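S.K.: got a sequence here, can you build the structure:
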Amino acid sequence: MKTRILLLLFSLSTLVSCEVKFNDLFITRFKTNKIVINLYNSKDTKERSRELTSFIPEKVYEVTSDAQFTSFDVLLKNCLKTGYCCCPEATYSISFYDNNEVLDIFYADTIQFKNKVRIYEGSFQYSYLIEKDKWRNFLKEIELKK
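M.R.: Next comes the predicted model:
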């Protein structure tokens with residue numbers, strides 16, 4: 001009986017830890033009060049030998065208003081989660097802030113796919129695919145609401 005209970009507890013803890021990792025982008029999003037999206041020159045970043053965020057961004061987008069967060073949530077709502085991604089080419093960094101503290105940084109590859117954008121975490125263990133048109137429309141929308 002004790003063995004069954006221990007096995008059940010172990011299974012539940014494993015399931016919960018997998019679930020947390022599965023929703024990491026979404027959990028981070030709901031802990032944040034500001035998102036900063038930086039666009040980098042893909043010619044610079046393609047041959048990079050240093051961290052992407054050490055480059056000077058060409059353009060900066062900030063998500064701070066409720067309407068902008070709602071648009072970001074809608075963007076994420078229909079994304080497709082994928083597994084390990086090898087060798088993406090980051091053109092954007094997406095920094096999630098709680099006040100002035102960086103909670104996490106994700107990256108976006110707009111080069112690999114013709115019609116998709118890959119948003120991935122730094123260790124490449126998982127990513128999310130978003131339609132490129134929706135990504136562009138989101139960036140235009142938050143740019144207009146500055």
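S.K.: show me which residues of the lengthiest strand in the chain are buried.
M.R.: With secondary structure taken from DSSP state E, the chain has its longest strand at strand 101-109. Neighbour-count burial for strand 101-109 flags L103, D104, I105, F106, Y107, A108, D109 (criterion: 16 or more other CB atoms under 10 Å). The C-beta positions use only the backbone N, C-alpha and C, and glycine is treated the same way.
S.K.: same deal with stretch 67-80?
M.R.: Residues of stretch 67-80 classed as buried under the neighbour-count rule (16+ other CB under 10 Å) are Q68, F69, S71, F72, L75, C79.
S.K.: distance to T32 and secondary structure for those - can I get that in JSON lines?
M.R.: Listed next are these as JSON lines, based on distance: CB to CB, whole Å; DSSP: H, G, I helix; E, B strand; the rest coil:
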{"residue": "Q68", "distance to T32": "12", "secondary structure": "helix"}
{"residue": "F69", "distance to T32": "9", "secondary structure": "helix"}
{"residue": "S71", "distance to T32": "14", "secondary structure": "helix"}
{"residue": "F72", "distance to T32": "10", "secondary structure": "helix"}
{"residue": "L75", "distance to T32": "15", "secondary structure": "helix"}
{"residue": "C79", "distance to T32": "17", "secondary structure": "coil"}
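S.K.: which one of the residues you listed sits closest to I119?
M.R.: Within the set of the buried residues of stretch 67-80, C79 lies nearest I119; the separation is 7.3 Å, counting by CB to CB.
S.K.: ok, the closest residue to the closest one other than its chain neighbours - contacts?
M.R.: Counting by CB to CB, 6 or more residues apart in numbering, the nearest residue to C79 once its immediate chain neighbours are dropped is Y128, at 4.1 Å. With contacts defined as CB atoms under 8 Å, 6 or more residues apart in numbering, Y128 is in contact with L25, L76, C79, L80, K81, T82, R118, I119, Y120.
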